[in-house]
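Asks: Generate a structure from the sequence data that follows.
(chains A, B and C)
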Amino acid sequence: MTLTAVKTKTSCGNFFEDFHVGQVIRHGTPKTINEGDTALYTALYGSRFAVQSGTAFAEEIGYPYYPLDDLLVFHVVFGKTVGDISLNAVANLGYSDCRFLMPVYAGDTLSATSEVIGLKENSNGKTGVVYVRSTGYRHKEPGNPEKVLEYTRWVMVKKRDENAPAPETTLPELPEGVSEDTLGQAVPELSIENWDFDLSGSPFRFDDYEVGEKIDHVDGMTVEEAEHQLATRLYQNTAKVHFNHHSEKNSRFGKRLIYGGHVISLARALSFNGLGNAFHITGINAGRHVAPLFAGDTVYAWSEVLDKKRIEGRSDIAAMRLRLVATKDLTCGDFPYKNEEGKYEDGVILDLDYWVVIPV
Amino acid sequence: MTLTAVKTKTSCGNFFEDFHVGQVIRHGTPKTINEGDTALYTALYGSRFAVQSGTAFAEEIGYPYYPLDDLLVFHVVFGKTVGDISLNAVANLGYSDCRFLMPVYAGDTLSATSEVIGLKENSNGKTGVVYVRSTGYRHKEPGNPEKVLEYTRWVMVKKRDENAPAPETTLPELPEGVSEDTLGQAVPELSIENWDFDLSGSPFRFDDYEVGEKIDHVDGMTVEEAEHQLATRLYQNTAKVHFNHHSEKNSRFGKRLIYGGHVISLARALSFNGLGNAFHITGINAGRHVAPLFAGDTVYAWSEVLDKKRIEGRSDIAAMRLRLVATKDLTCGDFPYKNEEGKYEDGVILDLDYWVVIPV
Amino acid sequence: MTLTAVKTKTSCGNFFEDFHVGQVIRHGTPKTINEGDTALYTALYGSRFAVQSGTAFAEEIGYPYYPLDDLLVFHVVFGKTVGDISLNAVANLGYSDCRFLMPVYAGDTLSATSEVIGLKENSNGKTGVVYVRSTGYRHKEPGNPEKVLEYTRWVMVKKRDENAPAPETTLPELPEGVSEDTLGQAVPELSIENWDFDLSGSPFRFDDYEVGEKIDHVDGMTVEEAEHQLATRLYQNTAKVHFNHHSEKNSRFGKRLIYGGHVISLARALSFNGLGNAFHITGINAGRHVAPLFAGDTVYAWSEVLDKKRIEGRSDIAAMRLRLVATKDLTCGDFPYKNEEGKYEDGVILDLDYWVVIPV
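Replies: Predicted structure coming up:
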């Protein structure tokens, strides 16, 4: 056994030159999401959307059981991809065309695969951009995985060896947003007349919102180290920067960085106050983590209605396109966003463009 | 869309003039309490009462399954009322006549309503006292909610507009304590001969306690920010003061305040050491949060036996009325309570008067 | 009621003179381990072994359901013993011959007993060593407890009264390691051809490891107060030093001490990176907590393959004996262990000698 052999059992993740276009990676550790995950999700974010909170409300409107929060599904699928795709990432550049395709319930097992759909080495020769299309599956019957989620993501990844030759540049076509064909696809036909607007916690439905309307979600939530670490481990996300104070104290920020998905979940939970009936995320057009969040910071959020669409063939629900902006240590009564030069204002940490559905 | 319209989607809670006597409020977000909630409850407080810890002990004595901790039920029901009743509260003044009416199990969905039973504007014209009777229901069959819990609570709530006219003063009759008729109502007939005093963790039964007896529960538990935040979000309690460091750092206390129910649960869990067989809270006569608790503080507790009652028709269990006193950063060997002038001693944070049942 | 009577309801644990050889203690509070416990376990340690992560992988290879993490079972059984055995312990001296005998699943109820198998008073007359053989049982059918775990542990316990006479010294025979007869006993016959080395997260099987091979697990995990408190309460472990800042700030260390089992679980979870298919702990030969861990410290780990054994009659799995070393605030690329004088190097906190099984 040589010293080299000593180290080979440990995975240090893939580097830029390990990827090639067309490569399909089956990620490790299928995870059964159980009722403990849902309880922890509530404890971590305080989410109150009625459909995901309990059987009584969900069954009354036609779900067989109360479905999981969409973002819990996203985080678990995303978590599986980290060890293969972004362990050596310098930066998460963006994601797009994320679609939720099927309701997921406690007891379902999720797995994930990613296909490399684009590569572009940076001119510095030290890093490159990897584009992947990741897919989450649920496994109810052996041998019959069903797609529950798919999204495109691009990350800047280090090269292992700066002298390795650059691959041919391939840039995928990225749609501007989620296809409107799939809006609401994960929602069964609902007995929307049974939707109880007292129990749901909000009186507002599709027709009550106007394009251009801005909503300050008012409340703030402070994040502790233990909380984001519990969350990110629950998702089996292995990105080192979230967990290791000993190494991160010498990093650029001098401390642990909070998983960006934690911010999305916090902002989404805060958005209940103003969007209480917007119960399901049907797709994410684009998302950007504008600035990092650290333990001790307080997250606020506001939303803007960007668009509204009826869904063909459905009289129960319709879709709204929303911008969800999260800030840190900055209240949102003035809807902080970008300055006149188009740059994000100080304190803005998340800019998410996504579709929800809401009762008609 | 006017600037006013911009803000209307966000609920800022009810103010004093929004309440009227006889008003019934159906609160939002029915929640299914699942096995994740029970595991988190154990992780948060370390409770060890055998009946609530597992199927084997509970089924041996006649429960169909292990019931939920009574206080978990209380917190979830209470949590639902916060957004409508106490979001603009200046102070929680008290609660009384709280009755646990039925066992609740993992899988049950809980909802809550409140009836306004009293109103009294304060002489300063800025605030008023709102009295509500809140009821928790479980939903096992559609259309057939069953009462599991009820209690009276009164809070001092801000007026939105100091010039709004004062309502007629209505003061509800508050019973001095829980009616003794309902003691033990939530406990099925037990095969008490199967109660195993080794496995329950305590050898003491009804006859071993004397009225006037005081018990120091000895152990102390330090509370962290992440812990009380996880707990309070799990209960979907939206009181702002528990979660927002950014705003609370400028408050009277300069920091986040811990939910009073968290203190009750900690003290109850500590009381296992000395009251290990007092497995069920059947009612709360009165409770007072004497002083606030903050993260970093350590909670201790002691109990006094105030009364003992046999329950008519039952030879399995009997009732004890207890005073549960919690302190912070103060051990309880000397049973700290009130000084000669009747004022609570420094360090006392909770004074709870409640009924438990225990094997005969 | 006298002042003495006042204090007797509270258990202060057993002292050295309360133990006698042959004594069998049935510990309190049988606990049903549910899906909430498994979710919390994942959130606390980020464990990723595929067999314990979900039904799909586990059922594919022949388990009826996904089994609990072995260390979760250990912690719950161990937790039950603390109140009777080690509440007055000065030091945990060691444990040995720990065997995992049967798979345990969510929904199983665990209880524990301990038999005193040795006693030796120390020459100072103030303390003595108590040796116990503890056994964990699961209760699926009433009246038919099944052994799931057993281990020997010895602790130094205070005397209540220094003048109490010393018991006759009895030293148990401690095996050097777990009997090799029971290796893999808790693993059903597996359809190992269905083991998917992509989904398991590691390509390495029995034949890929060599005796003497050392593996740096690379990643580090920082521990927060809230995390280890949640864990230790989840296990219903009542050792005071883990929870009480108010008393521990005056202790030798000046702060709360983290439960040693928390370190083992962290190190085991980190060891996934390099030992991803070593899915089951079949026995622990010996374990030593070399130095304490405190909140804020970062845990790293490395492993050495000490031995390899085929298991008679099994072609699906084989056994590896591993040394698992954990450190704090010290990376493990140089495999820190003992210096030339045989003393542990600074930063080493755990030295665990145990057996795993892995696909052949």
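Asks: Any residues of the stretch 51-200 of chain A in contact with chain C? List them.
Replies: A:83, A:106, A:107, A:109, A:110, A:111, A:139, A:142 (Cβ under 8 Å from any Cβ of the partner chain). Where C-beta positions appear, they are placed from N, C-alpha and C, glycine not excepted.
Asks: Can I get the buried ones among those as something I can paste into ChimeraX?
Replies: Buried subset of those, written as a ChimeraX selection, criterion 16 or more other Cβ atoms under 10 Å in any protein chain shown:
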select /A:83,106,109,110,111,139
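Asks: What about the residues of the stretch 51-200 of chain A next to chain C, which are in helices?
Replies: The helices, defined by DSSP state H, take in residue A:83 from these.
Asks: Just name the closest of the residues of the stretch 51-200 of chain A next to chain C to residue A:161, please.
Replies: residue A:83 (20.8 Å; Cβ to Cβ).
Asks: who does residue A:151 bridge with?
Replies: Counting by DSSP bridges, residue A:151 is bridged to residue A:134.
Asks: Pick out the residue of the stretch 251-360 of chain A closest to chain C.
Replies: residue A:256 (7.2 Å; Cβ to the nearest Cβ).
Asks: what's the distance between residue A:249 and residue A:200?
Replies: For residue A:249, the distance to residue A:200 (Cβ to Cβ, to the nearest Å) stands at 45 Å.
Asks: Ignore what I typed, I meant residue A:69.
Replies: Using Cβ to Cβ, we find residue A:69 at a distance of 15 Å from residue A:200.
Asks: ok, back up a step: of residue A:249 and residue A:200, who's got more company?
Replies: residue A:200 (25 against 13; other Cβ atoms under 10 Å in any protein chain shown).
Asks: Would you agree that one falls within a helix?
Replies: No - per DSSP: H, G, I helix; E, B strand; the rest coil, residue A:200 lies outside any helix segment and is coil.
Asks: what sits against it?
Replies: A:50, A:57, A:276, A:277, A:279, B:28, B:29 (Cβ atoms under 8 Å, 6 or more residues apart in numbering or on different chains).
Asks: What does the residue nearest to the fifth one when sequence neighbours are not counted show for phi and psi?
Replies: With Cβ to Cβ, 6 or more residues apart in numbering or on different chains as the criterion, residue A:279 has its nearest non-adjacent residue at 4.4 Å, and that residue is residue A:51. The phi and psi values for residue A:51, taken as degrees, to the nearest 10, are phi -60, psi -40.
Asks: hang on, the earlier thing: surely the residue of the stretch 251-360 of chain A closest to chain C touches residue A:294?
Replies: Yes - Residue A:256 lies in contact with residue A:294 (Cβ atoms under 8 Å); the separation is 7.3 Å.
Asks: neighbour-wise, which of those two wins?
Replies: residue A:256 (24 against 15).
Asks: Return the distance of that one relative to residue A:262.
Replies: Taking Cβ to Cβ as the measure, residue A:256 falls 12 Å from residue A:262.
Asks: One more: residue A:291?
Replies: Going from residue A:291 to residue A:262 by Cβ to Cβ gives 14 Å.
Asks: So which residues of the stretch 1-150 of chain A form strands?
Replies: Under the criterion DSSP state E, counting those that start in this stretch, the stretch 1-150 of chain A contains strands at A:24-26, A:31-32, A:89-100, A:109-121, A:127-139, A:146-158.
Asks: For chain A, give me the ranges with low pLDDT.
Replies: Counting by pLDDT under 70, chain A contains low-confidence ranges at A:1-7.
Asks: can you list the domain ranges for it.
Replies: According to automatic domain parsing, chain A comprises the domains A:14-33+A:68-175, A:195-360.
Asks: start to end distance for the longest one?
Replies: Yep, that's domain A:195-360 we're talking about. For domain A:195-360, the separation between the terminal residues is 10 Å (Cα to Cα, to the nearest Å).
Asks: repeat for the shortest one
Replies: Start-to-end span of domain A:14-33+A:68-175 (Cα to Cα) is 27 Å.
Asks: Determine how far it lies from the middle of the whole chain.
Replies: Relative to the chain's own centre, domain A:14-33+A:68-175 is displaced by 12 Å; criterion: Cα atoms, centre = their mean, to the nearest Å.
Asks: For residue A:101, which residues are in contact?
Replies: Shown in contact with residue A:101 (Cβ under 8 Å, 6+ apart): A:147, A:148, A:149, A:150, A:182, A:185, A:186.
Asks: I'd like to know which of the residues you listed are buried.
Replies: Buried, going by 16+ other Cβ under 10 Å: A:148, A:149, A:150, A:182, A:186, out of the contacts of residue A:101.
Asks: And the residue of the stretch 51-200 of chain A closest to chain B?
Replies: For the stretch 51-200 of chain A, Cβ to the nearest Cβ, closest residue to chain B: residue A:54, 3.6 Å.
Asks: What sits closest to that residue if chain neighbours are left out?
Replies: Residue A:54's closest residue in space is residue B:32 (Cβ to Cβ, 6+ apart), at 3.6 Å.
Asks: Identify the residues contacting that neighbour.
Replies: By Cβ under 8 Å, 6+ apart, the residues touching residue B:32 are A:53, A:54, A:55, A:56, A:66, B:107, B:108, B:109, B:110.
Asks: isn't the first one right up against residue B:236?
Replies: If I follow you right, that is residue A:53. Yes - if you go by Cβ under 8 Å, residue A:53 and residue B:236 touch, sitting 7.4 Å apart.
Asks: re the thing from before, among the buried ones among the contacts of residue A:101, which one lies nearest to chain C?
Replies: residue A:148 (13.4 Å).
Asks: so how many other residues sit close to the residue nearest to residue A:132 when sequence neighbours are not counted?
Replies: Counting by Cβ to Cβ, 6+ apart, the nearest residue to residue A:132 once its immediate chain neighbours are dropped is residue A:114, at 4.3 Å. Using other Cβ under 10 Å, residue A:114 has 24 other residues around it.
Asks: can you pull the contacts of the residue of the stretch 51-200 of chain A closest to chain B?
Replies: Taking Cβ under 8 Å, 6+ apart, one finds A:66, B:29, B:30, B:31, B:32, B:109, B:110 in contact with residue A:54.
Asks: repeat that with 6 Å
Replies: For residue A:54, the contact set (Cβ atoms under 6 Å, 6 or more residues apart in numbering or on different chains) comprises A:66, B:30, B:31, B:32, B:109.
Asks: And those, which is closest to chain C?
Replies: residue B:32 (13.0 Å).
Asks: beta partners for that closest one?
Replies: With DSSP bridges as the criterion, residue B:32 is bridged to residue B:109.
Asks: Might one say that residue A:82 is in contact with residue A:238?
Replies: Yes - taking contacts as Cβ atoms under 6 Å, residue A:82 lies within contact range of residue A:238: 5.4 Å.
Asks: Settle it for me: which of the two has more neighbours?
Replies: Neighbours of residue A:82 and residue A:238, each counted by other Cβ under 10 Å, are more numerous for residue A:238; the result is 26 against 21.
Asks: contacting residues around the more buried one?
Replies: Contacts of residue A:238 by Cβ under 6 Å, 6+ apart are A:82, A:83.
Asks: and the gap between it and chain B?
Replies: Counting by Cβ to the nearest Cβ, to the nearest Å, the separation of residue A:238 from chain B is 21 Å.
Asks: what does residue A:283 give?
Replies: On the measure of Cβ to the nearest Cβ, residue A:283 and chain B end up 22 Å apart.
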